[in-house]
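Colleague: sequence and computational prediction follow.
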Protein chains: 2
Amino acid sequence: MTEEKQEKKNHIIEIAERLFSELGFDGTSTRLIAQEAGVNMAMLSYYFGGKEGLYLAVFEQRISEQKLRLQSLNNESISSFEKLDKCIETYADRMMSNSCFQKIIHREISLSQRTEVNDKIIHLMSGNATEVKRILLDGIANGSFVEVDVDMLVATMFGTKSYLINSSQLASFLIGKDITDPKVMEEDVKPRLKNHMKKMFKAYLTNHNEENK
Amino acid sequence: MTEEKQEKKNHIIEIAERLFSELGFDGTSTRLIAQEAGVNMAMLSYYFGGKEGLYLAVFEQRISEQKLRLQSLNNESISSFEKLDKCIETYADRMMSNSCFQKIIHREISLSQRTEVNDKIIHLMSGNATEVKRILLDGIANGSFVEVDVDMLVATMFGTKSYLINSSQLASFLIGKDITDPKVMEEDVKPRLKNHMKKMFKAYLTNHNEENK
DNA sequence: AATTATTAATCAATCGATTAATTAGTTTTG
DNA sequence: CAAAACTAATTAATCGATTGATTAATAATT
């Protein structure tokens, strides 16, 4: 059955994604993946052409879901502040789910090898960064926002979220709760992150009392 | 010679640090380390007891330098704003150097294994986070700062810097320059990061016009 | 002479990948 | 409709390569 086969492939991808995120690419053996997925090791090559192919399949699977709908957001006729808020909202919602994939992406970026996967990631992520940057630049151009270092502000936006996901052990210590617990993440961390980002960005982007120096 | 031996050990550690940061722990073979360092492979076990021991040695080497002198800063009798500025300054200076080690640390945290190394990192990094948190809490307590979500703000501080270092490929695209170039990093990125962080933090921590809702 | 440092060679273990054989499922054919 | 032929899916076993580690022999230093 075609759909049955696809289900099995998806199951393998799901397992592989988790293991890759926990153990890294080199740290995850095909034997372990096969064992955890409950399939024969040869199936990985049969389905995906090998370990590298499976790794790529994980990205193919997620990368479409991952594309933020910021382009359409940027075309809406709403204020720059509303765009920014929606952007923060969307990003936080998206990023908190599939944290496994986020970890893989982040680790893959920090290494500088495996160029095929790397190129895909860079293309995807840089596209997102560009959209956020445009919202900020537009806001500055139409006078809604004060002039700030846009690049650094984008780094702050992505970096803050990234810290909570990728340094979850540290963040858990900082907050005093186990961030990896989905309930804590959803009901505590996510709302606080959204609120924090919105307030801080607004305060910074409307701050007029330090024009000199 | 004891010092000559120590020099050789340090040289190996230096090479290993770079390779671990570029290729990851599992992705770096002992043969490659020995080759790059120009020593026999057996020397790694002879000196460090094995690959894991060498990995630990990298941390032992760096972890002392890594400890920020924030405790003393916290005892100085200066304003909360000055403390915060100095904190940002110190952190940016420290973090931009030895970015290799920073990458290793970050990757090690995002994985959740290799517990001995992990514990050391968590202990070190959480200590730093606590100090920054205290500066912010003190500032709020004495009325210098507006009440904000301190934990999230600490995440922003560490996350922004982490983004520039660990996602340097993305950040380079964002900024339009090669961040990995030390000259660019020192003369462009670092000053901008410091300036950005100081202004944003100040704007956020002195913002009084949105108390409602 | 005795301890330390260094080398080349080799160890077992594990890696990803592939093979040949077997089962299951589908299609063709009488 | 059912037997045969064929294709796809799955398995166990094995492949060569590479891994980290260790050995026994040699060189250097004390």
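Modeller: It's in. Numbers count the residues shown, from 1 in each chain, chains lettered A, B, ... in the order given.

Colleague: contacting residues around A:Leu136?
Modeller: For A:Leu136, the contact set (Cβ atoms under 8 Å, 6 or more residues apart in numbering or on different chains) comprises A:84, A:145, A:148, A:150, A:153-154, A:205. Just so you know, the C-beta spots here come from the backbone N, C-alpha and C atoms, and that holds for glycine as well.

Colleague: from these, pick the one nearest chain B.
Modeller: Taking Cβ to the nearest Cβ as the measure, chain B lies nearest A:Val154 of these, at 6.0 Å.

Colleague: ok, the closest one touching A:Asn128?
Modeller: No - look at A:Val154 against A:Asn128 with Cβ atoms under 8 Å: they stay out of range, at 9.5 Å.

Colleague: quick one: is the strand or helix carrying A:Gln35 near DNA strand C?
Modeller: Using DSSP states H and E, the element containing A:Gln35 is helix A:30-37. Yes - Helix A:30-37 reaches DNA strand C (Cβ under 7 Å from any atom of the strand) through A:30-32.

Colleague: please work out the average pLDDT along stretch A:149-169.
Modeller: If you average the pLDDT over stretch A:149-169, you get 96.

Colleague: could you list the low-pLDDT ranges of chain A?
Modeller: Within chain A, the stretches with pLDDT under 70 are A:1-3, A:66-71, A:114, A:209-213.

Colleague: same thing but 80
Modeller: A:1-6, A:64-75, A:95-97, A:112-115, A:208-213 (pLDDT under 80).

Colleague: what's the neighbour count on the one residue in it that gets nearest to DNA strand D?
Modeller: Per Cβ to the nearest atom of the strand, A:Asn40 is where chain A lies closest to DNA strand D, at 3.1 Å. By other Cβ atoms under 10 Å in any protein chain shown, the residues close to A:Asn40 number 10.

Colleague: ok, it - contacts?
Modeller: Listed by Cβ under 8 Å, 6+ apart, the contact set of A:Asn40 reads A:Ala34.

Colleague: again, only this time at 6 Å
Modeller: Applying Cβ atoms under 6 Å, 6 or more residues apart in numbering or on different chains to A:Asn40 gives no contacts.

Colleague: contact residues of chain A facing DNA strand C?
Modeller: Residues of chain A lying near DNA strand C (Cβ under 7 Å from any atom of the strand): A:1, A:28-32, A:41-42, A:44-45, A:50-52.

Colleague: reformat those residues as a markdown table; add neighbour count.
Modeller: Converted to a markdown table, the residues of chain A next to DNA strand C look like this (neighbours: other Cβ atoms under 10 Å in any protein chain shown):
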| residue | neighbour count |
| --- | --- |
| A:Met1 | 7 |
| A:Thr28 | 21 |
| A:Ser29 | 13 |
| A:Thr30 | 16 |
| A:Arg31 | 10 |
| A:Leu32 | 15 |
| A:Met41 | 15 |
| A:Ala42 | 10 |
| A:Leu44 | 22 |
| A:Ser45 | 13 |
| A:Gly50 | 13 |
| A:Lys51 | 18 |
| A:Glu52 | 13 |
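
Colleague: what's the closest of the residues you listed to A:Ile175?
Modeller: Ranked by distance to A:Ile175 (Cβ to Cβ), these are led by A:Thr28 at 29.0 Å.

Colleague: was I right about the closest one contacting A:Glu17?
Modeller: No - contact criterion Cβ atoms under 6 Å: A:Thr28 and A:Glu17 do not qualify, at 10.2 Å.

Colleague: what distance do you get for A:Arg107 to A:Ser45?
Modeller: Distance, A:Arg107 to A:Ser45, using Cβ to Cβ, to the nearest Å: 24 Å.

Colleague: picking up where we left off before, the contacts of A:Leu136: which ones sit near chain B?
Modeller: For chain B, the contacts drawn from those by Cβ under 6 Å from any Cβ of the partner chain are A:Val154.

Colleague: can I get the contacts of A:Leu136 in CSV including distance to B:Thr160 and secondary structure?
Modeller: Shown next, in CSV, are these (distance: Cβ to Cβ, whole Å; DSSP: H, G, I helix; E, B strand; the rest coil):
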residue, distance to B:Thr160, secondary structure
A:Leu84, 17, helix
A:Phe145, 18, coil
A:Val148, 13, coil
A:Val150, 13, helix
A:Leu153, 9, helix
A:Val154, 10, helix
A:Leu205, 16, helix
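
Colleague: just the contacts of A:Leu136 now: which is nearest DNA strand C?
Modeller: Ranked by distance to DNA strand C (Cβ to the nearest atom of the strand), these are led by A:Val154 at 35.6 Å.

Colleague: ok, the closest one to B:Ala155 distance?
Modeller: 16 Å.

Colleague: and A:Ala92, by the same measure?
Modeller: Distance from A:Ala92 to B:Ala155, counting by Cβ to Cβ: 12 Å.

Colleague: which helix of chain A spans the most residues?
Modeller: Scanning chain A for the longest helix, with DSSP state H as the assignment, gives helix A:115-141.
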